[in-house]
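[1] Only the shape, not the letters, is given here:
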C-alpha cells in the first residue's frame, strides 16, 4: 500500500498559479502576434520571396541542393505553384495579344 502524498503547501500552490499565469500570458501574446494582420502580411511576403527564389533555383537546376526547396515539400509546392501561375499568365497574355492582332487584321 502506498503512502498518500501530502497536500501541497500554500507556497507551492502560489508558485504553481504564478507559473500557470506566466504560461497563459505567453500563449496569449504569441496568439495575438500570430493573428495580427501585420504579422500575416510579413509572413506572406516572406513566403512569396522564398517561392520566387525557389522557382529560380528550379529554373537554374539548383533545385536539389542541400538547402534547396526539394528538401521542404511545402517550399517545392510553392515554387511549382508560382511557376505554374507565371506560365498561365504568359499563355493568357499571348492569347490576348494574338486575339487583338487577329481582330485588327480582319478590319
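    Sure thing, it's come through. These figures come from a predicted structure and were not determined experimentally. Residues are numbered from 1 along each chain as shown.

[2] Look up which helix or strand the residue nearest to the spatial centre of the chain falls in, please.
    Central residue check for the chain by Cα atoms, centre = their mean: the C-alpha nearest the mean position is that of residue 47, 5.5 Å away. Per DSSP states H and E: residue 47 is located in helix 37-60.

[3] That helix: what's the following helix or strand?
    helix 73-106.

[4] what mean pLDDT does that next one have?
    Mean pLDDT, helix 73-106: 89.

[5] Would you pull up how far that helix lies from the middle of the chain?
    25 Å (Cα atoms, centre = their mean, to the nearest Å).

[6] The strand or helix carrying residue 18 packs against which elements?
    Residue 18 is located in helix 10-35, with elements delineated by DSSP H and E. Packing partners of helix 10-35 (3 or more Cβ pairs under 8 Å, 6 or more residues apart in numbering; DSSP states H and E): none among the helices and strands. Every C-beta, even on glycine, is put in place using the N, C-alpha and C of the backbone.

[7] hmm, who's touching stretch 17-24?
    Stretch 17-24 is contacted by no other residue when judged by Cβ atoms under 8 Å, 6 or more residues apart in numbering.

[8] and it, average pLDDT?
    95.

[9] count of neighbours near residue 58?
    As a burial measure, residue 58 scores 19 neighbours (other Cβ atoms under 10 Å).
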